[in-house]
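Visitor: sharing a model that was predicted from the sequence below.
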Protein chains: 6
Amino acid sequence: MYSVTVRGHMMIAHSLTGDVFGPAQRLHGATYVVDVEFRRDHLDSNGIVVDIGKATDALNRVLAAFSYRNLDDEPSFRGKNTTTEFLARAVFDRLVAAIAKGDAGSSATGIESLRVTLHESHLASASFDGRV
Amino acid sequence: MYSVTVRGHMMIAHSLTGDVFGPAQRLHGATYVVDVEFRRDHLDSNGIVVDIGKATDALNRVLAAFSYRNLDDEPSFRGKNTTTEFLARAVFDRLVAAIAKGDAGSSATGIESLRVTLHESHLASASFDGRV
Amino acid sequence: MYSVTVRGHMMIAHSLTGDVFGPAQRLHGATYVVDVEFRRDHLDSNGIVVDIGKATDALNRVLAAFSYRNLDDEPSFRGKNTTTEFLARAVFDRLVAAIAKGDAGSSATGIESLRVTLHESHLASASFDGRV
Amino acid sequence: MYSVTVRGHMMIAHSLTGDVFGPAQRLHGATYVVDVEFRRDHLDSNGIVVDIGKATDALNRVLAAFSYRNLDDEPSFRGKNTTTEFLARAVFDRLVAAIAKGDAGSSATGIESLRVTLHESHLASASFDGRV
Amino acid sequence: MYSVTVRGHMMIAHSLTGDVFGPAQRLHGATYVVDVEFRRDHLDSNGIVVDIGKATDALNRVLAAFSYRNLDDEPSFRGKNTTTEFLARAVFDRLVAAIAKGDAGSSATGIESLRVTLHESHLASASFDGRV
Amino acid sequence: MYSVTVRGHMMIAHSLTGDVFGPAQRLHGATYVVDVEFRRDHLDSNGIVVDIGKATDALNRVLAAFSYRNLDDEPSFRGKNTTTEFLARAVFDRLVAAIAKGDAGSSATGIESLRVTLHESHLASASFDGRV
């Protein structure tokens, strides 16, 4: 199995609902450094998993829709806790849709699975890993 | 599959037995920076894999039992080489027991597998990965 | 010159005022991974620059007063842009006061200068460096 | 499952053929920081996955055959694009051959799979993962 | 003293002349991950050292003139060894010129000194540090 | 001012004397990842600060004299606390002596100052910085 991983980031505000979150129930924020691993069993005719430039552009467009925002105000997240693991899945879903639309280039149509990891600090991260 | 990873560390002395270890047969020591990945297929009702605070506390309690000690003196390791890979398994086993006792919070009862990685330097690490 | 550096972090929400900030004028947030370097010319009688445990505790208390908050609501920052460089200075000033009160232990009274660095992403950081 | 990961690096020149590569069609170069994960289900009688010293030596010998060279001149890569993912596979294949010859020590004969990751910058990496 | 540090990178081919360089006398290449620290004693009226976005753009334009090239073919480097330390100075000189032209924004006119660091691997880096 | 930084590491056992050290009064150990910055105002005729290969070899020889040892048994450290900051100075002193003997190559005779940093974990490090 081959893979290529690219990195981006987003900076957001949010609050979390539930006693389990302690002080994170208050409005606060995070920088998420985001790694996306694109995987496939065979390279394409150019010898690549994915066009790194186009894959990075597609990731950055997905992240721009979150970045510099208060996620508490996003209609699509109403009633949800935007935890790091939840956001890893949200980035995954939007990136899968972007790949399907061709935003990550034609080589990306051969991608079989993705792993999206959000690093929230030097001490913690969360991932969602699934088939495209 | 969702996952959350948290980090801790421990500083220990030990020696290793066997020609394969060369100068590491002498009494020496190591800092192990420890990453634990907690995995499950579905988030709980709070939208989390595990309570990061409680998971970190559980990891730190496991590591405290090793830290600032000479592992050559630990009865439970008698006759064993406390290699990095062996210690990754030891941390895994103790953390699985801690989860079963509820030390990592109630959300941790949904954890399906763990990966424990010990970084011994900027050049080498070892992991144990298994089902809970 | 000797130095010891310890690390902590804080997660905050804020917004910035001025065209120069572009989309960061909206309410958003950041994780700041914070490194503090404590410096002095000579070690104390224990052979240390500072008690690492107490210095870390003092730093964590300073950071706790910012963390999991919306800095736009903090009275002490009214009318100020809480940029990364501004916050590096704010952490510096509060840590100098904490050292003076003895929060970082008695060895810290020998500290001559500090450097506070806030990493806001894998691409950018800011520092304030000054005499105590 | 147990694993041990070791790190090396190589510095090479090359060019890539195909419009998808944009400016990387020109002769340029890269530092690849290379991580190799060695995996097996059970530890050997010394309590190890592999002799870290010998595994590192085997990796360094494989990398030395690439390093400080223009890969466009390597006969074995003629007609191929030496992309990061292609090179991850090339390092994998050569390391598997080295293990079979005993270059990574006798404990390495128990290795079941390898993952080879080449980091080309702070923003991108590629891997090949397969059974030995 | 305040500072802001931003990161970019470049990927180049080159060769070095002189026995001291050993195998690096052959045509090879490198990824340089480049950190630039911008310093000044006082923040401007926006509370910043420099506009991070414009400073990053200015750095990226400087690096683009090197990137994806064989530095042995650059007329301005004829007769020079393009060592990591030499290139740190070259990036410094070009960035100082860019600041003077206003490429890094008006706040950058207050910058007093710069430190440019090129990381060539996980084991080595070089810097040039000087007044603007 | 130009500088070049190289990295090595050592793994040692030791104990520390004094209430300030808490549990670190027990025999334990550490991995120290060691960065040494070599500085000078002008490059030599080859365009370098120091021969990176020879500087790394000199550092590794200095570190080998500590590594895989119990520092409590080293006669030269009798009656001293081998804290991270103390060891940073010890590495500095031995490296300065090695440079004077020519162990780091002839270009190293132009080195004006050194900074030695020992990273003891992902959370703490110590340095000694001085003129050669």
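Guide: Thanks, I have the structure now.
Visitor: can you report how many residues lie near whichever residue of chain A sits closest to chain F?
Guide: Relative to chain F, the nearest point of chain A is residue A:122 (6.4 Å; C-beta to the nearest C-beta). For glycine as for every other residue, the C-beta is placed from the backbone atoms N, C-alpha and C. Other residues lying near residue A:122 total 16 when counted by other C-beta atoms under 10 Å in any protein chain shown.
Visitor: so it makes contact with residue C:7?
Guide: Yes. Under the criterion of C-beta atoms under 8 Å, residue A:122 makes contact with residue C:7 at 6.8 Å.
Visitor: between these two, which contacts overlap?
Guide: Taking C-beta atoms under 8 Å, 6 or more residues apart in numbering or on different chains as the contact rule, residue A:122 and residue C:7 both touch C:33, F:122.
Visitor: which positions within the top helix by length along chain A qualify as buried?
Guide: When every helix of chain A is counted residue by residue (DSSP state H), the longest turns out to be helix A:84-100. By neighbour count, and taking 16 or more other C-beta atoms under 10 Å in any protein chain shown as the criterion, the buried residues in helix A:84-100 are A:84-92, A:94-96, A:98-99.
Visitor: show me what that helix is packed up against.
Guide: When contacts are defined as 3 or more C-beta pairs under 8 Å, 6 or more residues apart in numbering or on different chains; DSSP states H and E, helix A:84-100 sits against strand A:28-40, helix A:52-64, strand A:113-119, strand A:124-131, strand B:2-14.
Visitor: apply 6 Å and report the result again.
Guide: Under the contact definition 3 or more C-beta pairs under 6 Å, 6 or more residues apart in numbering or on different chains; DSSP states H and E, helix A:84-100 sits against helix A:52-64, strand A:113-119, strand A:124-131.
Visitor: between the shortest one and strand A:2-14, how many degrees?
Guide: The one in question is strand A:113-119. Computed by axes from the mean of the first three to the mean of the last three C-alpha atoms, to 10 degrees, the angle separating strand A:113-119 from strand A:2-14 equals 40 degrees.
Visitor: of the helices and strands packed on helix A:84-100, which is nearest residue E:80?
Guide: For residue E:80, the closest of those is helix A:52-64, at 31.0 Å, according to C-beta to C-beta.
Visitor: give the next helix or strand downstream of that closest one.
Guide: Toward the C-terminal end, the helix or strand that comes next after helix A:52-64 (DSSP states H and E) is strand A:69-70.
Visitor: wait, what's in contact with the spatially closest residue to residue A:122 that is not a sequence neighbour?
Guide: Sequence neighbours aside, residue C:33 is the residue nearest to residue A:122 in space, at 5.1 Å (criterion: C-beta to C-beta, 6 or more residues apart in numbering or on different chains). The contact partners of residue C:33, taken as C-beta atoms under 6 Å, 6 or more residues apart in numbering or on different chains, are A:122, C:9, C:119.
Visitor: could you rerun that using 7 Å?
Guide: With contacts taken as C-beta atoms under 7 Å, 6 or more residues apart in numbering or on different chains, residue C:33 has the following neighbours: A:121, A:122, C:7, C:9, C:119.
Visitor: just curious, which of these is nearest to chain D?
Guide: When the contacts of residue C:33 are compared for distance to chain D (C-beta to the nearest C-beta), residue C:119 comes out closest, at 13.0 Å.
Visitor: any idea how far residue A:53 is from the most centrally placed residue in chain A?
Guide: Averaging the C-alpha coordinates of chain A gives a centre point, and the residue nearest to it by C-alpha atoms, centre = their mean is residue A:91 (3.2 Å). In this structure, residue A:91 lies at 19 Å from residue A:53, with C-beta to C-beta, to the nearest Å as the measure.
Visitor: export the helices and strands packed on helix A:84-100 to a markdown table and tack on mean neighbour count, mean pLDDT and distance to residue D:24?
Guide: A markdown table is the format used below for the helices and strands packed on helix A:84-100 (neighbours: other C-beta atoms under 10 Å in any protein chain shown; pLDDT from 0 to 100; distance: least, C-beta to C-beta, whole Å):
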| stretch | mean neighbour count | mean pLDDT | distance to residue D:24 |
| --- | --- | --- | --- |
| helix A:52-64 | 20 | 98 | 9 |
| strand A:113-119 | 21 | 98 | 24 |
| strand A:124-131 | 20 | 98 | 29 |
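Visitor: possible to save those as a markdown table with distance to chain D?
Guide: As requested, the helices and strands packed on helix A:84-100 are arranged in a markdown table below (distance: least, C-beta to the nearest C-beta, whole Å):
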| stretch | distance to chain D |
| --- | --- |
| helix A:52-64 | 6 |
| strand A:113-119 | 11 |
| strand A:124-131 | 14 |
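Visitor: of all those, which lies closest to residue B:131?
Guide: Distance to residue B:131, taken as C-beta to C-beta, is lowest for strand A:124-131 among those, at 16.3 Å.
Visitor: that older thread, so what's the closest residue to the residue nearest to the centre of chain A other than its chain neighbours up against?
Guide: Excluding the flanking residues, the one nearest residue A:91 by C-beta to C-beta, 6+ apart is residue A:116, at 4.9 Å. Contact criterion C-beta under 7 Å, 6+ apart gives A:34, A:36, A:88, A:91, A:92, A:95, A:127, A:128 as the residues in contact with residue A:116.
Visitor: count the residues that sit near the first one.
Guide: Residue A:34 has 25 neighbours, counted by other C-beta under 10 Å.
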